[in-house]
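Peer 1: Here is my input; please provide its structure:
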Amino acid sequence: MDNIGILGSTGEIGKRVVELLHKKFTIKATYHQKSPSKMIDQVKYFQVDVEKKQELQKFIEECDIVVNCAGASFLTSETIAKATLEAGVVYIDPFGAESLEKKLIEYKDKGLAVLSSGCFPGMTGILMCVLCETLDKVNEIYGIHIDNQVPSLYGVVDFILSGIKGFGESGCYYYKGSKKRDKNYVEIRDYENNEFMTQKYYTAEIDRIAKKYKPESAIWYAPVLSDEIMHIMQKAVWSYMDSKEIEVLKQCAQQIRQIVSKEIGIKRNCEINITVIGYVQEEKKKKNIVLKAQNSSDISAVVLCSVIESIINKKMKPGIYYAPDIVAFHEMKSIIAASKIQVYCNDEIFKNEIGAEIYEEGYI
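Peer 2: Alright, predicted model coming up:
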């Protein structure tokens, strides 16, 4: 199982996956219209339009694993995932959350798919799990993903569609076994002490983690969007629901990208910051881990590569999985090192296990 197909190899995530894996496996990479500006000699490139069934099917049949990094997930994933699983090929998606799982339920016992294998969701869930596993009892989980970069056009399209498809629910959190509402904003500081206004955001990932480790509370925070961006997103949603035209979403997405570019300037970075509080025997512990990268796509690529290696190295039964189900954080150590992602933690246990830089308690 060493023929890895990367759909969308000219995008930021697909390009990074190809760079990380081309020396380990046979990589077959697709592009839509423009060929990659820099082609790697060991990689075989194919021009494929994922909306053309025969082109897509022919490419899938030459692969053992297909990683879908093409276009907007909410628009293309169902078609690509079903075609991949029907061909008996493993399907991996950096996003493809619960809305896709429901559409793939008929393949649960006869195919293998791994969803939510990106930065958020994906790495965020893996980090929550690694901290929870160090405790005998988990009381609190909270975290945030801060992305200071101009997202791709289709990344914004996906973000707009996530509101329609029910990816997450703002103003909500987990408390004592159920979802609670709290619309209040909370000011949070990142690792570099920058202030962000945030709101609670309930996702299927935080729900799965909470049900697994049974804390009293689990809260995910999301940076609050500007009124201007919210207005454009609302306009895009209503226009798309009325017309079903993808061009409407793309036009609004481009407006949002221009606004974000002005807001963040030249600064580019991505941070995931997770804290878990609980007990080891009877001693109360607070565990924190921070991942920093130049781009969220760097983190997404690391997760995707780790999922691929886990599938190849482990005997996986058919089913629909999520990245935290099959990848442990310590298994990502070498790929993280190759990606120049910085890891900080307040627990010495992670220094050798994952190569984290240890900071003194109270530094963050």
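Peer 1: Residue ranges in this protein under the pLDDT threshold?
Peer 2: Along the chain, segments meeting pLDDT under 70 span 163-167, 265-267, 348-364.
Peer 1: who's in contact with the most centrally placed residue in it?
Peer 2: With distances taken as CA atoms, centre = their mean, the residue of the chain nearest its centroid is residue 118 (2.5 Å). Listed by CB atoms under 8 Å, 6 or more residues apart in numbering, the contact partners of residue 118 are 13, 94-95, 296, 299-300, 303-304, 323. All C-beta atoms are positioned from the backbone trio N, CA, C, and that covers glycine.
Peer 1: Now intersect those residues with the helices, please.
Peer 2: 13, 296, 299-300, 303-304, 323 (DSSP state H).
Peer 1: sorry, back to before: could you find which two of the contacts of residue 118 are furthest from each other?
Peer 2: Across the contacts of residue 118, no pair lies farther apart than 296 and 323, at 14.5 Å, counting by CB to CB.
Peer 1: Of all the residues in stretch 257-264, which ones are buried?
Peer 2: 259-260 (16 or more other CB atoms under 10 Å).
Peer 1: Give me the contact list for that stretch.
Peer 2: So stretch 257-264 is in contact with 148-151, 153, 156, 226, 228-229, 232, going by CB under 8 Å, 6+ apart.
Peer 1: Partner strands of the host helix or strand of residue 114, with direction?
Peer 2: Using DSSP states H and E, residue 114 sits in strand 112-115. Looking at strand 112-115 with DSSP bridges, its partner strands are strand 90-92 (parallel), strand 319-322 (parallel).
Peer 1: Dump the ones you listed into JSON lines; add mean neighbour count and distance to residue 104 as well.
Peer 2: Below are the strands paired with strand 112-115 laid out as JSON lines (neighbours: other CB atoms under 10 Å; distance: least, CB to CB, whole Å):
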{"stretch": "strand 90-92", "mean neighbour count": "26", "distance to residue 104": "8"}
{"stretch": "strand 319-322", "mean neighbour count": "21", "distance to residue 104": "6"}
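Peer 1: can you put the ones you listed in CSV and add distance to residue 108?
Peer 2: Listed next are the strands paired with strand 112-115 as CSV, based on distance: least, CB to CB, whole Å:
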stretch, distance to residue 108
strand 90-92, 12
strand 319-322, 6
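Peer 1: need the helices for this protein, in chain order.
Peer 2: Under DSSP H, the chain gives helices at 12-21, 53-60, 73-86, 98-103, 123-132, 153-165, 204-213, 227-243, 246-264, 296-313, 323-326, 333-339, 349-354.
Peer 1: Contacts for the strand holding residue 114 next, please.
Peer 2: Taking CB under 8 Å, 6+ apart as the rule, strand 112-115 contacts 81, 84-85, 90-93, 95-97, 100-101, 104, 107, 307, 311, 316-323, 325-326.
Peer 1: Can you give me the neighbour number for residue 154?
Peer 2: Residue 154: 22 surrounding residues under other CB atoms under 10 Å.
Peer 1: Surely it and residue 72 touch.
Peer 2: Yes - assessed by CB atoms under 8 Å, residue 154 is found in contact with residue 72 at 4.3 Å.
Peer 1: Can you give me the distance of residue 284 to residue 219?
Peer 2: 18 Å (CB to CB, to the nearest Å).
Peer 1: Mind checking which of these two has more residues around it?
Peer 2: Ranked by neighbour count (other CB under 10 Å), residue 284 and residue 219 place residue 219 first, with 24 against 11.
Peer 1: from what I can see that one touches residue 173, true?
Peer 2: Yes - using CB under 8 Å, residue 219 is in contact with residue 173, at 4.4 Å.
Peer 1: shared neighbours of the two, anything?
Peer 2: Between them, residue 219 and residue 173 share the contacting residues residue 200, judged by CB under 8 Å, 6+ apart.
Peer 1: re earlier: quick check, nearest of the ones in helices among the contacts of residue 118 to residue 278?
Peer 2: Once CB to CB is applied, the member of the ones in helices among the contacts of residue 118 that ends up nearest residue 278 is residue 323, at 22.7 Å.
Peer 1: Tell me who's in contact with that closest one.
Peer 2: 114-118, 121-123, 125-126, 303, 306-307 are the contacts of residue 323 under CB under 8 Å, 6+ apart.
Peer 1: want to try a markdown table for those residues, with distance to residue 259 as columns?
Peer 2: As requested, these are exported to a markdown table (distance: CB to CB, whole Å):
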| residue | distance to residue 259 |
| --- | --- |
| 114 | 34 |
| 115 | 30 |
| 116 | 27 |
| 117 | 29 |
| 118 | 23 |
| 121 | 25 |
| 122 | 26 |
| 123 | 26 |
| 125 | 29 |
| 126 | 31 |
| 303 | 28 |
| 306 | 34 |
| 307 | 33 |
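Peer 1: Buried only: go through those for me.
Peer 2: 114-118, 121-123, 125-126, 303, 306-307.
Peer 1: Looking at those, which one is closest to residue 195?
Peer 2: residue 123 (23.7 Å).
Peer 1: I figured the closest one hits residue 272, correct?
Peer 2: Yes - applying CB under 8 Å, one finds residue 123 in contact with residue 272, separated by 6.2 Å.
Peer 1: list the residues that contact both of those two?
Peer 2: Among the neighbours of residue 123, those also in contact with residue 272 (CB under 8 Å, 6+ apart) are 291, 299.
Peer 1: if we can go back for a sec, CSV please, covering the helices of the chain and showing distance to residue 3.
Peer 2: Formatted as CSV, those follow (distance: least, CB to CB, whole Å):
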stretch, distance to residue 3
helix 12-21, 12
helix 53-60, 11
helix 73-86, 13
helix 98-103, 23
helix 123-132, 26
helix 153-165, 26
helix 204-213, 30
helix 227-243, 37
helix 246-264, 31
helix 296-313, 11
helix 323-326, 20
helix 333-339, 20
helix 349-354, 30
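Peer 1: Brilliant, that's me finished.
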